[in-house]
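Chemist: Build me a model:
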Amino acid sequence: MTLPDLAAVGLDYIVEGPVATITLNRPDVRNAQTPAMWRALADIGRQIPDEVRVVVVTGNGPTFSAGLDRAMLDPATRGQESVIGLLALSDEEVSSTIDEFQQGFTFLRDPRFVSIASVRGYAVGAGFQLALSCDLRIVAEDAQFSMKESALGLVPDLTGTKPLVESVGYARALEICATARMVGAQEAVSIGLANKVVPADDLDAAVAELAAALAAPMVDVVSETKTLLQGAADRDLDEQRRLEREAQVRRFRALAAAFAG
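Modeler: Numbering: from 1, shown residues only. You can find the predicted model right below:
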């Protein structure tokens, strides 16, 4: 499988050793997103090499992503797949198409690697949900998150609701979604939405430092740990203990093989 023309849909993708970087590259429209971009993100996710241990998602310019490109809601939009075009489909077809869009977000939860959202400026709607799809969020002091869907008469449907509840709890997640208000960088850290806030000029260096630290442990250690933690809240203690034991057996065997080699 070959990747589509990423530049045409506003994406850059580079792999440097164990770190892959995906950049939303439509700064002229504040990195607004389109269905074509979501499909391309899903294609990238299917082709990330096994050697990659960290995936960084960022935006070109002062804004991470202003969310859905409003042109996608304009009936006059021609020549490209649009959100408004979903109205011509049956309910089942709409649901199936949204499922395809969601795959541009869900790949960031793959246990093979740790994903980091590097957020400066606005992360709104689909931009917020893309950041939420990542395991970790490092944000600049000017970062602003907002789930704007309710202001458009819609619900968040790009897989952001579950990680939002997991990060901040049900009541706060409901308030953030229903009011569509802005959540600033300092509040994001204080409520568990972001891991760290840094001055805007230090953001790239902070993310690079974190990526290097995540890539440093022996291969498979971080992915095994991510797999253990991802479902821990939904398992009982006995099940979690069993999975810990099985993972540790694999680690013992891997270490023994490494020393023997």
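
Chemist: Give the full set of residues in contact with residue 8.
Modeler: Residue 8 makes contacts with residue 36, as judged by C-beta atoms under 8 Å, 6 or more residues apart in numbering. Quick note: C-beta positions are derived from backbone N, CA and C, even for glycine.

Chemist: secondary structure element for it?
Modeler: Counting by DSSP states H and E, the element that carries residue 8 is helix 6-9.

Chemist: tell me which residues in that helix are buried?
Modeler: Residues of helix 6-9 classed as buried under the neighbour-count rule (16 or more other C-beta atoms under 10 Å) are 6, 9.

Chemist: Strands of the stretch 1-150 of the chain, start to end?
Modeler: Secondary structure of the stretch 1-150 of the chain (DSSP state E, counting those that start in this stretch): strands at 11-16, 19-24, 54-59, 114-119, 122-124, 136-140, 144-146.

Chemist: got a markdown table for those, with distance to residue 178 and mean neighbour count too?
Modeler: Shown next, in a markdown table, are these (distance: least, C-beta to C-beta, whole Å; neighbours: other C-beta atoms under 10 Å):
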| stretch | distance to residue 178 | mean neighbour count |
| --- | --- | --- |
| strand 11-16 | 31 | 15 |
| strand 19-24 | 27 | 21 |
| strand 54-59 | 26 | 24 |
| strand 114-119 | 22 | 26 |
| strand 122-124 | 16 | 26 |
| strand 136-140 | 22 | 25 |
| strand 144-146 | 12 | 23 |
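
Chemist: any chance of those strands in a markdown table, plus distance to residue 82 and mean pLDDT?
Modeler: What follows is the strands of the stretch 1-150 of the chain, written out as a markdown table (distance: least, C-beta to C-beta, whole Å; pLDDT from 0 to 100):
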| stretch | distance to residue 82 | mean pLDDT |
| --- | --- | --- |
| strand 11-16 | 18 | 98 |
| strand 19-24 | 18 | 98 |
| strand 54-59 | 22 | 98 |
| strand 114-119 | 26 | 98 |
| strand 122-124 | 19 | 98 |
| strand 136-140 | 29 | 98 |
| strand 144-146 | 22 | 98 |
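
Chemist: out of these, nearest to residue 240?
Modeler: For the strands of the stretch 1-150 of the chain, the distance to residue 240 is smallest for strand 114-119, at 20.1 Å, taking C-beta to C-beta.

Chemist: in its sheet, what does that closest one sit against?
Modeler: When sheet partners are counted by DSSP bridges, strand 114-119 sits next to strand 54-59 (parallel), strand 136-140 (parallel).

Chemist: Restrict the longest one to CA atoms and write it as CSV.
Modeler: When you say that, I think you mean strand 54-59. Presented in CSV, the C-alpha positions along strand 54-59 are these (Å, rounded to 0.1, in the frame of the first residue of the first chain):
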residue,chain,number,x,y,z
VAL,A,54,7.0,7.3,19.3
VAL,A,55,4.6,9.2,17.1
VAL,A,56,4.4,13.0,17.5
VAL,A,57,1.3,14.9,16.1
THR,A,58,1.7,18.6,15.7
GLY,A,59,0.5,21.5,13.6
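
Chemist: can you give me the angle it makes with strand 11-16?
Modeler: Direction vectors for strand 54-59 and strand 11-16, defined by axes from the mean of the first three to the mean of the last three C-alpha atoms, to 10 degrees, enclose an angle of 150 degrees.
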